[in-house]
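S.K.: Here's a sequence, model it:
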Amino acid sequence: MTSLRVRLGDLSVGFVHSLADAVRCYGQDPQPLLEQYGLDPARLAELGARLSIPRYMRLGHAAIQLTGEPGLGLRMGQLSRISQVGLAGVTAAQAPTVREAARCLIRFEALYGSNYRGQSSFHEDAGGAWLRFYSISPYNAYNRFVVDSILASWIQQLSTLSGHPLLAEKIEIEFSEPPYVEAYGYLSDNAVSFGAELNQLRLSQTSLALRNPEHCPSTWRHLLVLCEKELEQLTRTRSLRERITQLLGPLLSGGREPDLEEMAARLKLPTWTLRRKLAEEGTQFRAILNDTRRDLAMTYIRDTELAFGEIAYLLGFASAEAFQRAFKRWNEQTPGEFRRSQRQAG
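M.R.: Numbers count the residues shown, from 1 in each chain. Got it, this is the predicted structure:
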């Protein structure tokens with residue numbers, strides 16, 4: 001069987017600390033749960049330790065069940081500390097302003113977390129800036145807490161840095177209004193917009209300009225250099241195929257699939273040049289697309305509880321039936337047979 005080459009993503013075990021703190025807030029001991037997931041103190045102290053995205057989502061879901069608190073992600077964000085995101089967080093803590101700290105956290109996100117679905121982004125205009133978290137739809141009990149914890153942690157960490165409690169001017173969230181909607185009140189004076197097109201929060205120019213009293217210019221510049229070196233090392237790729245595979249993740253969804261022309265535009269290459277370069281590597285765009293879909297499908301089926309219709313949506317198939325046919329062609333098994341075999345093997 002083909003090895004699973006495409007990962008859904010991973011993140012620093014630093015995120016586990018705020019989850020554990022949130023569990024304690026609800027009168028529960030997080031230690032047995034953490035140990036169940038192999039997260040003992042030695043693992044949490046390990047240099048560069050990462051946790052896979054599917055495992056993190058299962059851990060978060062188990063913590064929600066343990067505490068009985070569906071809004072646990074918001075509490076996690078409220079308890080987060082900027083140092084928990086490693087070198088990027090330590091660097092952001094030396095930024096001169098909230099604006100530069102936010103830019104830093106987002107620019108160096110790959111140093112503490114990666115997801116094939118996309119990456120966070122910062123969009124500034126004359127009135128303020130949007131801090132945007134990518135889509136991880138379809139939403140369910142396993143992943144809503146991720147969006148909650150990220151948006152809340154941005155507010156918390158930037159508030160701590162400036163010494164002023166920040167409020168978002170606006171918050172927009174893709175999933176439908178949850179039963180715990182009142183818990184978002186501390187993040188903004190305005191009601192959260194649910195069912196939105198994006199996951200994002202907006203900070204005013206006044207908030208962005210708040211200064212960091214701990215800023216040391218020379219330390220800030222030194223840390224930025226270290227982050228840039230780490231990022232360059234982490235994101236260095238060896239082939240055009242790898243670059244295309246990385247780009248495909250966020251583009252696959254909603255019954256559509258990217259074509260050669262769209263990929264060429266994103267790579268800033270003429271279509272004919274991309275076709276020629278892929279031929280020189282002994283491959284074609286269609287083969288890379290199919291391989292990426294196959295590997296992602298196998299990973300989703302093995303590592304998540306998503307329904308096959310949801311997986312079909314995420315991989316850009318027009319229907320669940322089209323996905324089932326493709327998977328049978330790739331693996332000589334139906335998705336259901338593959339999931340059962342993986343469960344039995346585990």
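S.K.: Got the domain ranges for the chain?
M.R.: Here the domain parsing of the chain from automatic domain parsing is 71-234, 240-345.
S.K.: Give me the mean pLDDT for the last one.
M.R.: With pLDDT averaged residue by residue, domain 240-345 scores 88.
S.K.: Stretch 157-176 now?
M.R.: Regarding stretch 157-176, the rounded mean pLDDT is 97.
S.K.: first vs last residue of that stretch, how far apart are they?
M.R.: End-to-end distance of stretch 157-176 (Cα to Cα, to the nearest Å): 26 Å.
S.K.: same check, this time on stretch 21-34
M.R.: Length of stretch 21-34, first residue to last, Cα to Cα: 12 Å.
S.K.: Show me which positions of that stretch end up buried.
M.R.: Within stretch 21-34, the residues that qualify as buried are Asp21, Ala22, Val23, Gln28, Pro30, Leu33, Leu34, counting by 16 or more other Cβ atoms under 10 Å. Placement of C-beta: from N, CA and C, glycine included.
S.K.: Can you classify the first one by secondary structure?
M.R.: Under DSSP: H, G, I helix; E, B strand; the rest coil, Asp21 falls in the helix class.
S.K.: residues contacting it?
M.R.: Met76, Leu79 (Cβ atoms under 8 Å, 6 or more residues apart in numbering).
S.K.: mind running it again at 6 Å?
M.R.: Contact partners of Asp21, counting by Cβ atoms under 6 Å, 6 or more residues apart in numbering, are Leu79.
S.K.: from the domains of the chain, which stretch is densest packed?
M.R.: Of all the domains of the chain, domain 71-234 has the most neighbours on average by mean count of other Cβ atoms under 10 Å, namely a mean of 18.
S.K.: How far off centre is it?
M.R.: Relative to its parent chain, domain 71-234 has a centroid offset of 12 Å by Cα atoms, centre = their mean, to the nearest Å.
S.K.: Compare the domains of the chain and give me the one nearest Glu46.
M.R.: Smallest distance to Glu46 across the domains of the chain (Cβ to Cβ): 12.1 Å, for domain 71-234.
S.K.: Okay, now that closest one: how far is its last residue from its first?
M.R.: 33 Å.
S.K.: Need the pLDDT of Pro96.
M.R.: So Pro96 comes in at 98 (pLDDT).
S.K.: What backbone torsions are found at the nearest residue to it once chain neighbours are set aside?
M.R.: If the residues on either side of it in the chain are set aside, Pro96 comes closest to His215, at 4.7 Å by Cβ to Cβ, 6 or more residues apart in numbering. For His215, the backbone dihedrals are phi -60, psi 130 (criterion: degrees, to the nearest 10).
S.K.: check contacts around the residue sitting nearest the centre point of the chain.
M.R.: Closest to where the C-alpha atoms of the chain average out (Cα atoms, centre = their mean) is Asn115, at 4.6 Å. Residues in contact with Asn115 (Cβ under 6 Å, 6+ apart) are Gly9.
S.K.: Now flag whichever of the buried residues of stretch 21-34 is closest to Pro258.
M.R.: Closest to Pro258 out of the buried residues of stretch 21-34 is Ala22 (38.0 Å), distances taken as Cβ to Cβ.
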